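J.: after the sequence you'll find the predicted model.
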Amino acid sequence: MTATTDARLRTQVDQAVALLRGRRIAILTGAGLSTDSGIPAYRGEGVRPRSDPMTIDRYLGDEAARRRYWVGGHLGWQAFARAEPNPGHLALAALEHAGHVTGVITQNVDGLHLRAGSSHVIEVHGTMRRVHCLHCGQVFDRRDIARQIEELNPWIAVPENVALAPDGDVLPESTEGFVIPSCTVCDGMLKPDVVFFGEYVPQDRFKAAESLLRASTALVVAGSSLVVNSGIRLIERARRRGIPLVIVNREPTRADVWAHLTISAGTSDVLPAIAERLLDRTIDEHAPDERKEPR
C-alpha cells in the first residue's frame, strides 16, 4: 500500500465515521468479508465463475448431480468448518456489543459472524451448519451427517489441503460407489439448509432482514458485490428512506451509484478502523470471551 493510498483510505474512514456516528447501523455482508478467513468469494478479481453451480432443479431431479454435491461437500466440510473469524467479523461483533450495530444481515453460509460473537445475525441464504429432510422436515446438525457419510462410505478420505469453493465445496475426482446420506427418521432426501441457485430466499428471513433495516438509521454493505437480488432489494428500501449508505468492497457493486460513500478496500482493514473510531479503542483480534460456537 502506497502512502497516497494509505492517506486516501484514512480520509475515507474519517468520512464513514462522520456518516455513521450516532446512528443505529444495519450491516449487510457478503462473501468478500470471509475471504480473509480462507473462504473464496463467488466473484471478484482473480475468481473464475463456476461453470456448473448446483441449482435446486438439478439437486432434486438428478441423482448423479446430488451424489457429486455430497461428495464435494463432505470433502470440503472440515476445512470450511475450521475457518476462523477475521478482524472484519470481530469488529462488527464489537460494534454490536457497544450498541452501534443493530444486527447483521449476511448472504454468507459460513457461520463466522456467530463465531465472532455477533448476536443478532440473519442468515438470509441459510447455513451450512444444518441439514434438513425434504420429506418429514427433520433438522440435523451437519456434523452428524458427516459421521453418517463416513459410516456409509468408510473408504472416503478427506485430504488435508483442499481447494475450497465459496460454499465449502470441492471438485471430487470420482463419485463412484458413494452412498448418499438420507434422513434417519423417514429415509427421505436430505438438503443442506442453504438457498440453492433457482431458489427464493424464505419469506420469513427476508421479512426479518427488512425489520432490522427499519429499526436502523444507516446501512453498511461489507464484502458484497450486490449481484444477488435479495441484497439489492434491501438497498432499495434504504435508498427510499434516504438513510446513509456506506459500501466497503474491493470491486464495484450494483449500488455504488446510490451510496453516500464507497470504499474500495478490504473489509479486514476498513471495518476495524471504523470500529476503533466509533468505539475509541482498539479491537482485540482474539477476544475469545466474545465468541460463541454456532448452534
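T.: Perfect, thanks for sending it.
J.: hey, where'd the helices end up in this protein?
T.: 3-20, 56-61, 63-81, 87-97, 112-116, 142-152, 203-214, 229-241, 267-279 (DSSP state H).
J.: and the third one with helix 142-152, angle?
T.: Think helix 63-81. Angle of helix 63-81 versus helix 142-152, following axes from the mean of the first three to the mean of the last three CA atoms, to 10 degrees, is 120 degrees.
J.: point out the most buried one among the helices of the chain.
T.: helix 87-97 (a mean of 26; mean count of other CB atoms under 10 Å). Heads up, the C-betas are built off the backbone N, CA and C, glycines and all.
J.: need the residue closest to the centroid of the protein.
T.: N108 (1.6 Å; CA atoms, centre = their mean).
J.: so where's this protein uncertain?
T.: 1-5, 42-52, 158-173, 281-295 (pLDDT under 70).
J.: and it, what are its domains?
T.: Per automatic domain parsing, the structural domains of the chain span 1-39+84-125+202-295, 45-82+128-194.
J.: which of the helices of the chain sits closest to S37?
T.: Closest to S37 of the helices of the chain is helix 112-116 (CB to CB; 6.0 Å).
J.: verify the contact between A215 and V101 for me.
T.: No. Look at A215 against V101 with CB atoms under 8 Å: they stay out of range, at 11.3 Å.
J.: follow-up on the earlier one: any idea how far the residue nearest to the centre of the chain is from G22?
T.: 28 Å (CB to CB, to the nearest Å).
J.: with E150 instead?
T.: Applying CB to CB to E150 and G22 gives a distance of 52 Å.
J.: cool, and T106?
T.: Counting by CB to CB, the gap from T106 to G22 is 25 Å.
J.: try H260
T.: Distance from H260 to G22, counting by CB to CB: 15 Å.
J.: then I105?
T.: Counting by CB to CB - I105 and G22 are separated by 21 Å.
J.: when these two are compared, which one has more neighbours?
T.: I105 (29 against 9; other CB atoms under 10 Å).
J.: number of nearby residues for the closest residue to G188 other than its chain neighbours?
T.: Distances taken as CB to CB, 6 or more residues apart in numbering place H135 nearest to G188, at 2.8 Å, with adjacent residues excluded. Per other CB under 10 Å, the neighbour tally for H135 reads 14.
J.: so what does H135 have for phi and psi?
T.: When read as degrees, to the nearest 10, the backbone of H135 gives phi -100, psi -60.
J.: check contacts around it.
T.: Under the criterion of CB atoms under 8 Å, 6 or more residues apart in numbering, the neighbours of H135 are 183, 186, 188-189.
J.: give me the contact list for stretch 273-282.
T.: 9-10, 13-14, 16-17, 20-21, 91-92, 94-95, 98, 100, 283.
J.: and for stretch 209-221?
T.: 16, 19-20, 23-30, 102-103, 105, 120, 122, 124, 230-231, 234-235, 237-238, 243-249, 253, 255, 259.
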